[in-house]
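In: With the sequence up front, the predicted model follows.
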Amino acid sequence: MGGIRTAGDLVARMQMAKGMKIKEAKEYVAGKLGISTFELCDEAVMQEIRESLDIGHVQARDGASIGIQAKFNIAKLLGIDIRSVENFKRLTGLK
Amino acid sequence: MSEFYTRYGDGSPTRVSADEMRRDLEVGTNDAADRGKIPALSQSELDHLFDICTRPDKTVSVERGNEVVVTFDAGTLKLPIRAGVPMDRSSAILTHERAFCSDTMELAHVDYSYKQLKAIIHEETAAMEHVQLNTIIPIFYGAMPNLGLYTKPDGPIENWSELLPLAKISEAKAAQEEAMEHAIKDMVYVASRMYEAGADGINFDTVGASGDADVLASLKAVEILKNKYPDIAIEFGMSGEFILGMHGDLFFDGKRLAGLYPHQQVKVAEKAGATIFGAVINTNSSRTFAWNLARTVTFVKACTEAASIPVHVNVGMGVGAIPNSNTPAVDAVSRADKALVEIGKADGL
């Protein structure tokens, strides 16, 4: 689907977290992003969304979330637990 | 009469007529239907396949809106090891995330079997922890069950492949049952440590390479892991389209494992607790691409229809209608991908 260039990582996360088939996973992610499933693979639409939600993008922009920081925002956006995020919280006393 | 440029299953190019192409599509789907006791493709599906195979474009793609996600096996073995690019595994993962724009990626060790990973588990968990700090995409940890590694001289158990030709059937069965116990313990140990280190998912890759005992050990490991960690994501990727009965008398949930095809394999994987099923259909090198593609799509369609979990079809060299070559031609790869998604209804590749 295009990974962090589009919404591929988000759709993959829903397959992994909830065992959703592709149609259901796309609909879930599109609903959370407020766009159509058709737009999930549109680079222009998704660049704007990813930057505004600060969930990571291919461009290394100053001040933008990267790596685990972006995953904190992705976990909140999708309403799922991400193991590495939970580990980070535990190890830093955030939880 | 017009001819179409296509390939054999070993990748070598050939030209066929429209009649030959249609005949191979029909024979291919009927072969899968006959072996798997599943429906053959309909005429409209065969027409769709014919259209995909005969398009003049070198590369084809799914229609907009039909895109699917990809997962990988042997993830970090591809750039630093097979391609010989001097980079470490975390750089390979970031290259996949930021340059190739992969949807997911897999951290893997060059000695790609769960048994071998026990001794270096601390280094592997540390690698996963570091990778997770820098990455955004989901990262699997993967390896093979590889039951054969438990036989002498690599392991403690008699080799059933040596016992079987000597007609020592009960000894060969007992050896496989003993190997399973070791393999289950190793898979659960390594997968537990990697999941606790932050892996987004665990990939059981090439399940069944040593036959039905290899499959049963993997199913039991998945079952244990799912009970231990209800949220764990597990991809259950097969080694072949048909489970070999090296033991022959092994059952899971009342189902004999030997002889199961993908639409039956996915049901036992689901029952064990797998999250994603990796279907494999073998490529026949001496048949045409059209024959292999129709056969593969027939098996995959039956599998996705039977499945309640997402199915990611293996489309590497020699499986999923991909020619058996280290450099599979992109015309064949893109056609296989399109057909598997649009007709086979694959949830991923």
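Out: That came in fine, so what should we check first?

In: Tell me who's in contact with residue 16.
Out: Reading this off chain A. Listed by Cβ atoms under 8 Å, 6 or more residues apart in numbering or on different chains, the contact set of A:M16 reads B:104, B:138, B:200-201, B:233, B:275-276. (Glycine included, C-beta is placed from N, CA and C.)

In: Not quite, go with chain B.
Out: The contact partners of B:V16, by Cβ under 8 Å, 6+ apart, come to B:3-4, B:6, B:24, B:288, B:290.

In: Try it again at 7 Å.
Out: Counting by Cβ atoms under 7 Å, 6 or more residues apart in numbering or on different chains, B:V16 touches B:3-4, B:6, B:288.

In: Just the buried ones among those residues, please.
Out: Under a neighbour-count criterion of 16 or more other Cβ atoms under 10 Å in any protein chain shown, the subset of the contacts of B:V16 counted as buried comprises B:4, B:6, B:288.

In: Closest to chain A out of these?
Out: If you rank these by distance to chain A using Cβ to the nearest Cβ, B:T6 comes first, at 28.0 Å.

In: Would you tell me which residues of chain A are close to chain B?
Out: Proximity of chain A to chain B, by Cβ under 7 Å from any Cβ of the partner chain, involves residues A:1-5, A:8-9, A:11-13, A:15-17, A:19-22, A:37-38, A:41, A:56, A:58, A:67-68, A:70-71, A:81-84, A:87.

In: For ChimeraX, what selects the buried ones among the residues you listed?
Out: Here the buried members of the residues of chain A next to chain B are turned into a ChimeraX selection, burial being counted by 16+ other Cβ under 10 Å:
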select /A:1,2,3,4,5,8,9,11,12,13,15,16,17,19,20,21,22,37,41,56,58,67,68,70,71,82,83,84,87
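
In: Inside helices: which ones of the residues of chain A next to chain B?
Out: Residues from the residues of chain A next to chain B lying in helices, with DSSP state H as the criterion: A:8-9, A:11-13, A:15-17, A:22, A:67-68, A:70-71, A:83-84, A:87.

In: By neighbours, which of the contacts of A:M16 wins?
Out: Ranked by neighbour count (other Cβ atoms under 10 Å in any protein chain shown), those have B:T104 at the top, with 30 neighbours.

In: Tell me who's in contact with that residue.
Out: Contacts were defined as Cβ under 7 Å, 6+ apart; by that measure B:T104 touches A:12, B:69-72, B:137-138, B:140.

In: Within range of chain A, give me the residues from the stretch 101-250 of chain B.
Out: Remark: the part of the stretch 101-250 of chain B in contact with chain A comprises B:101-104, B:132-138, B:195, B:198-201, B:231, B:233, using Cβ under 7 Å from any Cβ.

In: wait, doesn't A:T6 sit right on A:M46?
Out: Yes. A:T6 is within contact range of A:M46, at 4.5 Å (criterion: Cβ atoms under 7 Å).

In: coming back round to it: which two from the ones in helices among the residues of chain A next to chain B end up farthest apart in space?
Out: A:I22 and A:N87 (28.6 Å; Cβ to Cβ).

In: residue ranges for the helices of the stretch 51-200 of chain B, please.
Out: According to DSSP state H, counting those that start in this stretch, the stretch 51-200 of chain B carries its helices in the segments B:89-95, B:114-117, B:121-134, B:160-163, B:169-196.

In: Can you spell out which helices and strands pack onto the first one?
Out: In this case it means helix B:89-95. strand B:105-107, helix B:121-134 (3 or more Cβ pairs under 7 Å, 6 or more residues apart in numbering or on different chains; DSSP states H and E).

In: before we move on, back to that, could you dump the helices of the stretch 51-200 of chain B to a markdown table with mean neighbour count and mean pLDDT?
Out: Formatted as a markdown table, the helices of the stretch 51-200 of chain B follow (neighbours: other Cβ atoms under 10 Å in any protein chain shown; pLDDT from 0 to 100):
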| stretch | mean neighbour count | mean pLDDT |
| --- | --- | --- |
| helix B:89-95 | 20 | 97 |
| helix B:114-117 | 23 | 97 |
| helix B:121-134 | 18 | 98 |
| helix B:160-163 | 18 | 96 |
| helix B:169-196 | 20 | 98 |
